[in-house]
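**Student:** No sequence on hand, only this structure:
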């Protein structure tokens, strides 16, 4: 109200209009705020406040590139304003302009060196600019001047972050000395031991490194990285040496899964006996996931044959004698039944394992027969029905498969996994309404299915592809766009976390967070959704605009340029937009002479710029 009174007397005051726009932005009236901010800017183009207000509105609208431009202009006009400088540095980080971010944070630190966040931001800036030695120097200065004002956890994070920097610099003597000097100040003893072991190993101090790594293995025997480090300490290179290494581990850690499972990956003459013991132990325990565990071994033809033969032999012995086969010769699989009689459920788990095995090997008739035998043996185990459904799905009998996932679901109506599995099969059978009803049992809020709020992308993709198969392209586009929106939201939301992470001193996690965000658009689910959108556009141009299809094509090309199907889909998009260089790249990646000829015919009738024409002619010829 006060601002409106001022504007009645001074309607052309740009900064008052900018202030009103900022207030409207705060209460969520974004469109109105943007219009008033632009009007105020036109009244006073030299006001840093007007540019800053427009930047904040663009920021709220997640238009970070425009917000960055406006913030740069505001900073040029009001260099002494710390708020503008701080906002600019945030946008520089969001836009990955690391050099500019480092420079901005250096100015902020120089102006106010008593705030520890300014130090941390500058350290991160130097690290991101790959000025690692300078980052170490700033950390030393930071600890000298601010250590008494930091908590123990904050000091611990800074110490480990410097160790990380020294490791990247390959300054292992300095890294070792630094970790020894600051050991008492590091709260995360596991992270300290991991870094110290790597430093010792890099300095060839293998005996000391071995002691530290064995301490880590006592804490977590299932950590693969620890085993790789210990193997390097022990100079283990051959499979025979590894075999002995895992045998020693099995004696010391008899409950370890990794010690027994990793042995199966080796190329040794002991595979059959090792796998035999591994499989029998897990079938006796009744572990349904044992097949998923050993599935990678099937890529090796010799191991695959051994697995099939042993499974068949044990299954026959369990059927006839209720005992495993006591193998005396693994070459010929000779031997008699074991003296130990097994419980009836062991046959059940053996049938489930065998069914999954033959399903994976595409022996569908046998896999179906084994699943049915298991259901006849014990009709109350959901895994058997799911195994049968999987076989039917792979033989294109999706409707029948859906009936068996429903049977599995009815065995435990409160099991979310079984309900989700049934919904997934319903969608494969294009039964969208029925799938929504099933999902609504666990994900309905105030009567509305809230799968989009939960960012359940597997469901959205399955629904979209079902609608696409049904020819309802507008609904398919709607669901595919939700998936794209989730990834854009994930990327945009990082803006809220940049300075939060620095204030909380989660430096090591923050760097991992940035690396994750930098690769987020390379996710396969986004590629699947993007290809679906472009297919829908090609099938029905009214369902999706050319501009949006072009935007998706540019994004996917940046991160998935080697995907053959994608290049075939986006080639006509680039042709329609007359983006002939991008179209040429698609044709080149596909090595398609047909597409190159199509492109050549198209450009012959077009008037192109000299540079573009020369480039096209060079590559087409």
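**Tutor:** Arrived safely, thanks for sending. What you see is a predicted model; the values in this text were computed from it and never measured. Numbering: from 1, shown residues only.

**Student:** what sits up against the helix or strand harbouring residue 71?
**Tutor:** In this assignment (DSSP states H and E), residue 71 forms part of helix 64-77. Residues outside helix 64-77 that contact it (C-beta atoms under 8 Å, 6 or more residues apart in numbering) are 46-49, 51-52, 54-56, 58-59, 81, 84-85, 87-88, 91-92, 94-95, 97, 492, 495. C-beta here means a position set from N, CA and C on the backbone, and glycine is covered the same way.

**Student:** for stretch 462-481, how far is the first residue from the last?
**Tutor:** 13 Å (C-alpha to C-alpha, to the nearest Å).

**Student:** And the strands in the stretch 251-400 of the chain?
**Tutor:** Along the stretch 251-400 of the chain, counting by DSSP state E, counting those that start in this stretch, strands occupy 325-329, 334-337.

**Student:** same for the last one, what does it pack against?
**Tutor:** Counting contacts by 3 or more C-beta pairs under 8 Å, 6 or more residues apart in numbering; DSSP states H and E, the secondary-structure elements packed against strand 334-337 are helix 301-321, strand 325-329.

**Student:** Relative to residue 567, which of these is closest?
**Tutor:** With C-beta to C-beta, the closest approach to residue 567 among the helices and strands packed on strand 334-337 belongs to helix 301-321: 33.0 Å.

**Student:** what angle do that closest one and strand 325-329 make?
**Tutor:** Orientation check (axes from the mean of the first three to the mean of the last three C-alpha atoms, to 10 degrees): helix 301-321 against strand 325-329 gives 130 degrees.

**Student:** got the buried residues for helix 301-321?
**Tutor:** The neighbour-count check on helix 301-321 (16 or more other C-beta atoms under 10 Å) flags 303, 306-308, 310-315, 317-318 as buried.

**Student:** nearest to residue 334, of the residues you listed?
**Tutor:** Nearest to residue 334, judged by C-beta to C-beta, of these is residue 313 at 9.6 Å.

**Student:** residues near residue 532, how many?
**Tutor:** By the criterion of other C-beta atoms under 10 Å, residue 532 has 25 neighbours.

**Student:** Hmm, it is touching residue 476, no?
**Tutor:** Yes - counting by C-beta atoms under 8 Å, residue 532 touches residue 476, with 6.7 Å between them.

**Student:** For this structure, which segments count as strands?
**Tutor:** 325-329, 334-337, 444-445, 448-449 (DSSP state E).

**Student:** where in the stretch 401-550 of the chain is pLDDT low?
**Tutor:** Where the stretch 401-550 of the chain drops to pLDDT under 70, the residues are 446-447.

**Student:** which residue ranges form the helices in it?
**Tutor:** Taking DSSP state H, counting those that start in this stretch as the criterion, the stretch 401-550 of the chain contains helices spanning 416-428, 432-443, 457-470, 473-493, 498-503, 507-518, 524-539, 546-559.

**Student:** Give me the nearest residue to residue 176, chain neighbours excluded.
**Tutor:** In space, and not counting its chain neighbours, residue 176 is closest to residue 199: 4.3 Å by C-beta to C-beta, 6 or more residues apart in numbering.

**Student:** how near is that neighbour to residue 175?
**Tutor:** Note on residue 199: its distance to residue 175, by C-beta to C-beta, to the nearest Å, is 5 Å.

**Student:** what residues are up against the residue lying closest to residue 555 once chain neighbours are set aside?
**Tutor:** If the residues on either side of it in the chain are set aside, residue 555 comes closest to residue 521, at 6.3 Å by C-beta to C-beta, 6+ apart. Listed by C-beta under 8 Å, 6+ apart, the contact set of residue 521 reads 487, 491, 555, 558-559.

**Student:** Could you dump those into TSV with distance to residue 284 and neighbour count added?
**Tutor:** Below are these laid out as TSV (distance: C-beta to C-beta, whole Å; neighbours: other C-beta atoms under 10 Å):
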residue	distance to residue 284	neighbour count
487	45	19
491	48	16
555	51	17
558	51	10
559	46	16
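
**Student:** what residues are shared contacts of residue 532 and residue 476?
**Tutor:** Residues touching both residue 532 and residue 476 (C-beta under 8 Å, 6+ apart): 464-465, 468.

**Student:** What's the PyMOL syntax to select whichever of the contacts of helix 64-77 are buried?
**Tutor:** In PyMOL, a selection of the buried entries from the contacts of helix 64-77 looks like this (16+ other C-beta under 10 Å):
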select buried, resi 47+48+49+51+52+54+55+56+58+59+81+84+85+87+88+91+92+94+97+495
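
**Student:** circling back to that earlier point, avg pLDDT for the helix holding residue 71?
**Tutor:** Mean pLDDT, taken over the full extent of helix 64-77, equals 90.

**Student:** list the buried ones in it?
**Tutor:** Buried residues in helix 64-77, counted by 16+ other C-beta under 10 Å: 64, 67-75, 77.

**Student:** Which member of the residues you listed is positioned nearest residue 189?
**Tutor:** Among the buried residues of helix 64-77, residue 64 lies closest to residue 189 (C-beta to C-beta), at 39.8 Å.

**Student:** Quickly note the distance from the closest one to residue 338.
**Tutor:** Distance, residue 64 to residue 338, by C-beta to C-beta: 67 Å.

**Student:** For residue 123, grab the count of nearby residues.
**Tutor:** 27.

**Student:** follow-up on the earlier one: if you average pLDDT over each of the helices and strands packed on strand 334-337, which is lowest?
**Tutor:** In terms of mean pLDDT, the lowest-scoring of the helices and strands packed on strand 334-337 is strand 325-329 (a mean of 85).

**Student:** what does that one contact?
**Tutor:** 272-273, 276, 310, 313-314, 316-317, 333-339.

**Student:** Of the helices and strands packed on strand 334-337, which is nearest residue 40?
**Tutor:** helix 301-321 (71.9 Å).

**Student:** remind me which residues of the stretch 251-400 of the chain are low pLDDT?
**Tutor:** Filtered on pLDDT under 70, the stretch 251-400 of the chain yields no residues whatsoever.

**Student:** so what's the backbone phi/psi at residue 560?
**Tutor:** Dihedral angles phi and psi of residue 560 (degrees, to the nearest 10) take the values phi -130, psi 40.

**Student:** doesn't residue 566 make contact with it?
**Tutor:** Yes - using C-beta under 8 Å, residue 560 is in contact with residue 566, at 5.6 Å.

**Student:** rewinding a little: scan the shared contacts of residue 532 and residue 476 and report the most crowded one.
**Tutor:** Highest neighbour count within the shared contacts of residue 532 and residue 476, by other C-beta under 10 Å: residue 464, with 27 neighbours.

**Student:** my read: it touches residue 532, true?
**Tutor:** Yes - taking C-beta under 8 Å as the definition, residue 464 is a contact partner of residue 532 at 5.7 Å.

**Student:** can you list residues touching both of these two?
**Tutor:** With contacts taken as C-beta under 8 Å, 6+ apart, residue 464 and residue 532 have 476, 480 as neighbours in common.

**Student:** List of residues touching stretch 147-160?
**Tutor:** 116, 139, 142-143, 178-179, 182, 185-188, 191-192, 195, 505-508.

**Student:** That'll do, ta.
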